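# just need the structure, nothing else, for what follows:
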Amino acid sequence: MLTDKKNNHYIAMVVYSHYSRDARVRRYAEALANLNFSVDIICLNENYLPLNSHIRLIKYPLERLRSSAYWWYIFEYLAFFSFCLIVLSYLSLKNKYQLIHIHNMPDFLVFSTLLARFFGAKIISISMIPCPNYSSPNFVFPKTSLWSNCLNILNIYHSNMPIFY
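Alright, predicted model coming up:
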């Protein structure tokens, strides 16, 4: 990390993916690190270390398992959310983040930034995939089901919501 306390600028990123396999996140983090920002990235566990010393990977300790059961997706997302909430809460007390960027679904990951937001961090959330389209290849729900209605509401929310919080 940076040693000059006067010039420390901290940014956190949350991505439910492997850092080395997500070029968008990796290039974004490297560009910020080259501008002397300290970048903490919460991501899935992998055997990879970034070359830039300003980038720190905080690896989610559980393996992501692919399953056709919707309850397993819910469990994985809730477990990752809990991990992000705990880590970001602790780190926001230690580092004063100027910005936290949530890179992907699930949408409720923005709530893992509550404490950091309270301390003044700006939050960016970008959903690259519309919610109903995200789940439809994996699960089949009747169009009038509660789950389908919730996904449609989230899609409307994203289409009308600014990405800065």
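# distance-wise, check residue 103 relative to residue 78.
With the distance defined as Cβ to Cβ, to the nearest Å, residue 103 ends up 18 Å from residue 78. Every residue, glycine included, has its C-beta placed from N, CA and C.
# out of the two, which sits in the busier spot?
Of the pair residue 103 and residue 78, residue 103 is the one with more neighbours under other Cβ atoms under 10 Å, namely 21 against 12.
# contact partners for the more buried one?
Counting by Cβ atoms under 8 Å, 6 or more residues apart in numbering, residue 103 makes contact with 13, 14, 15, 17, 22, 24, 25, 126.
# ok, residue 112 touching residue 85?
Yes - shown here, residue 112 and residue 85 form a contact pair, counting by Cβ atoms under 8 Å, at 4.2 Å.
# more neighbours: which of those two?
Neighbour totals were compared for residue 112 and residue 85, and residue 112 leads with 24 against 16 (other Cβ under 10 Å).
# any idea of the pLDDT on that one?
According to the prediction, residue 112 has pLDDT 84.
# just the strands in this structure please.
Listed in chain order, the strands of the chain (DSSP state E) span residues 10-14, 38-44, 55-60, 97-102, 122-125.
# point out the most buried one among these.
strand 10-14 (a mean of 24; mean count of other Cβ atoms under 10 Å).
# figure out how far it is from the centre of its chain.
Its chain's average C-alpha position is 9 Å from that of strand 10-14, according to Cα atoms, centre = their mean, to the nearest Å.
# what mean pLDDT does that strand have?
Strand 10-14 comes out with an average pLDDT of 93.
# for the protein, what helix or strand is lowest in average pLDDT?
One helix or strand of the chain scores below all others by mean pLDDT, DSSP states H and E: helix 131-135, with a mean of 49.
# give me the buried entries from the contacts of residue 103.
Members of those that pass the buried threshold by neighbour count (16 or more other Cβ atoms under 10 Å) are listed as 13, 14, 15, 22, 25.
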